[in-house]
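Peer 1: Starting from these lines, generate the structure:
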Amino acid sequence: MRDPVIAIDGPAGAGKGTVARRLAAKLGYRLLDTGAMYRALAWSIARAGLAPDDTPALRRHVDRLQIDVEGDRVVVDERDVTDDIRSPEIAALTSRLSTLAVVRDKLTPIQRRLAASGGVVLEGRDTGTVVCPDAEVKFYLDASLPERARRRQAEMRARGVALEPEAARHDTAARETQDSSRPLAPLGKAADAIEVDSTGLSVEQVVAIMADAVERRRRCG
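Peer 2: Numbering: from 1, shown residues only. Have a look, this model is predicted:
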């Protein structure tokens, strides 16, 4: 039997990226950062100067686009864009573009193909509900809004961007509302997902909880 596919969903600021990376390393699995793939596509669209509402132009652009994941790096048309895709502007554009069918039609098949062999950890907004609904282990990682806003502020500070606490809280809440209410593949908790609240927990504690759950599921399976 192949190793399981592990899907981690949750709102912005819940810590999915860090937890997914640590969990993959602990289990010896591959990490597939679906959010980074969407950001990479958004970066490419922004660089091309395309309008998000110009569907024909977007389709022509994404049809020829090559997006690859090489370990922790994201590559667009042979250019490493890992560090270029983390700006607030790209994050905002990503949230908008991820609601479009033309964008999801491009990336969802790629993500499913990369996950098909198992032994992989995916994280995003809809990995357990849309991308890999048959994933053997699904998590919904959450945290309180103040905690997620604090993490957002610390993340931006680490990148040299000052963000006031109230602005961080507002941005985090707005992202969650946008992601949850979009008509196409909204943020949601799969019916069979294991919910983990990371408020007040360290990354190591969250990873330990998830690793134990994976082991229990593997024994049952």
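Peer 1: my guess is residue 138 is in a helix, correct?
Peer 2: No. In this structure, residue 138 is strand, not part of a helix, as judged by DSSP: H, G, I helix; E, B strand; the rest coil.
Peer 1: Please report how far it lies from residue 158.
Peer 2: Counting by C-beta to C-beta, to the nearest Å, the gap from residue 138 to residue 158 is 29 Å. Any C-beta I mention is one placed from the backbone N, CA and C, and that applies to glycine too.
Peer 1: who's more crowded, those two?
Peer 2: Residue environment comparison for residue 138 versus residue 158 gives the larger neighbour count to residue 138, 26 against 8, counting by other C-beta atoms under 10 Å.
Peer 1: how close does that one get to residue 28?
Peer 2: As it turns out, when the distance is counted by C-beta to C-beta, residue 138 lies 20 Å from residue 28.
Peer 1: can you check residue 204 too?
Peer 2: Distance, residue 204 to residue 28, using C-beta to C-beta: 17 Å.
Peer 1: same question, residue 40
Peer 2: 25 Å.
Peer 1: What of residue 201?
Peer 2: 23 Å.
Peer 1: Settle it for me: which of those two has more neighbours?
Peer 2: Using other C-beta under 10 Å as the criterion, residue 201 and residue 28 rank with residue 201 on top: 17 against 8.
Peer 1: so what's the more buried one up against?
Peer 2: residue 209 (C-beta atoms under 8 Å, 6 or more residues apart in numbering).
Peer 1: swap in residue 43?
Peer 2: For residue 43, the contacting residues are 76, 81, 84-85, 90, taking C-beta under 8 Å, 6+ apart as the criterion.
Peer 1: quick one: pLDDT of it?
Peer 2: Residue 43 carries a pLDDT score of 95 in this model.
Peer 1: change the start of the numbering to 5 and stick with it
Peer 2: Sounds good: first residue 5 from here, last item residue 47.
Peer 1: can you list the weak-confidence ranges in this protein?
Peer 2: By pLDDT under 70, the weakly predicted segments of the chain are 225.
Peer 1: Report the separation between the residue positioned nearest the centre of the chain and residue 119.
Peer 2: Note on the chain: the residue nearest the mean C-alpha position is residue 128, at 2.7 Å, using C-alpha atoms, centre = their mean. Noted for residue 128: a distance of 11 Å to residue 119, by C-beta to C-beta.
Peer 1: With residue 154 instead?
Peer 2: Here the criterion is C-beta to C-beta. By it, residue 154 lies 31 Å from residue 119.
Peer 1: quick one: which of the two has more around it?
Peer 2: For residue 154 against residue 119, the residue with the higher neighbour count under other C-beta under 10 Å is residue 119, and the figures read 23 against 17.
Peer 1: List the residues that contact that one.
Peer 2: For residue 119, the contacting residues are 9, 36, 126, 135-136, 139, by C-beta under 8 Å, 6+ apart.
Peer 1: Narrow these to those that are buried.
Peer 2: 9, 36, 126, 135-136, 139 (16 or more other C-beta atoms under 10 Å).
Peer 1: thought residue 112 was touching residue 134?
Peer 2: Yes. With contacts defined as C-beta atoms under 8 Å, residue 112 counts as touching residue 134 at a distance of 7.0 Å.
Peer 1: More neighbours: which of those two?
Peer 2: The residue with the greater number of neighbours, taking residue 112 and residue 134 and applying other C-beta under 10 Å, is residue 134; the counts read 20 against 17.
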